[in-house]
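quick one, fold the following:
(one chain, ligands or ions: 1)
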Amino acid sequence: MFKGRHLIEPDGFTVAELEEIFRLADSIIDTPDTYSEKCKNKLLASLFYEPSTRTKFSFDAAMLRLGGQVIGFSDPNTSSAAKGETLKDTIITISNYVDIAVVRHPLEGTAKLMAKHSLVPIINAGDGGHQHPTQTLTDLLTIRYYKKTLNNHCIAVCGDLKFGRTIHSLVKAMSRYEGTKFIFVSPEELQIPSYIKEYLDPSCYEETNSLDDAIEKADVLYMSRVQRERFVSEYEYQRLKDYFILTHEKMKKAKDDMIVMHPLPRINEISDEIDTDKRAVYFQQAKFGMYVRMALILKLLGLE
Ligand code: NCD
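Purely as a prediction, here's the structure:
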């Protein structure tokens, strides 16, 4: 049963439950019109305390395409947060008005705290440098579509592995699938945190600072931007921001059927010239994000 549950971390659902969500997303992709009234009279609160393009718009579009409606803010300065209201009081109030709420916040643990006090399902749309489970639903649906299975892939994850919440969630989720191998590609300063490595068997991953070495072995290359807003020092950010740039030249070493993913926004880490490479799937990935969020909303509202 999904109805009434929250989604705070990627392992909030079992592998079997994830497959149920993906099957529903498949069906929505095939016959979207069948779902266009499912959320009639339902209201989603979209509470964005941090900037967003894809996550916010795809949630809004998902709810509207299901026939529901959306209220919320994308600038917390227009809410009572600016007057000093606590997150607890905010969510107790808002959850009286809506059927489901999506929250993004710069502080780790916010969605969990809100879920504790909410009367309706809370979906974590990113809590600081911690987790981003709906990006992971998007990522898994994308891998499953292009690779036909979620088992037995070598996934090279490249960029800011320290602060990248999409990466933390992806690793946690993919570690549950059979035969997954990770290559963590980052400068030493931005290595994957040990609390994430603890989920993994040491024989299932390697760490390197060489994208050239990793790209030859990868079935999936997951690029990410250096997370400027989480740096204490602007100088450090400037020093590390262009550490990896994916170019045609680098892609020559990649397998023919490797896919290049990115949660977006891209800054400099994938050269524009890659956009026309048939292996670049990041814009399609963003589109899958809307469909999988439609499936998630339906499941959590028990409206399938
Ligand atoms: C990501 C995020 O917000 O963590 N963006 C997204 O939701 N697609 C990645 C990022 O900002 O780098």
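
show me what contacts Pro265?
Thr53, Arg225 (C-beta atoms under 8 Å, 6 or more residues apart in numbering). No exception for glycine: its C-beta is placed from N, CA and C like everyone else's.

which non-adjacent residue is nearest Gly289?
Residue nearest to Gly289 in three dimensions, not counting chain neighbours: Thr138, with 3.9 Å by C-beta to C-beta, 6 or more residues apart in numbering.

what does Met223 give?
Closest to Met223 by C-beta to C-beta, 6+ apart is His262, at 4.6 Å.

residues in contact with the one you found?
Counting by C-beta under 8 Å, 6+ apart, His262 has contacts Tyr222, Met223, Ser224, Glu269, Ile270, Tyr282, Gln285.

so of those residues, which ones are in helices?
Judged by DSSP state H, the contacts of His262 include Tyr282, Gln285 as members of helices.

give me the buried entries from the contacts of His262.
Among the contacts of His262, those classed as buried by 16 or more other C-beta atoms under 10 Å are Tyr222, Met223, Ser224, Glu269, Ile270, Tyr282, Gln285.

name the nearest of those relative to the ligand.
Within the buried ones among the contacts of His262, proximity to the ligand (C-beta to the nearest ligand atom) peaks at Ser224, which comes in at 5.9 Å.

so how far is Tyr97 from that closest one?
From Ser224 across to Tyr97, the span is 35 Å (C-beta to C-beta, to the nearest Å).

what do you get for Val15?
Taking C-beta to C-beta, one finds Val15 at 34 Å from Tyr97.

ok, stretch 140-147 near the ligand or not?
No. Against the ligand, stretch 140-147 shows no contacts by C-beta under 6 Å from any ligand atom, the least distance being 12.1 Å.

check which helix or strand covers Val260.
strand 259-261 (DSSP states H and E).

hmm, who's touching that strand?
So strand 259-261 is contacted by 139, 142-143, 146-147, 219-223, 246, 251, 270, 274, 277, 279-282, 285 (C-beta under 8 Å, 6+ apart).

now it, how far from the chain's geometric center?
Relative to its chain's centre, strand 259-261 lies at 15 Å (C-alpha atoms, centre = their mean, to the nearest Å).

what does stretch 170-185 give?
The answer for stretch 170-185 is 15 Å, by C-alpha atoms, centre = their mean.
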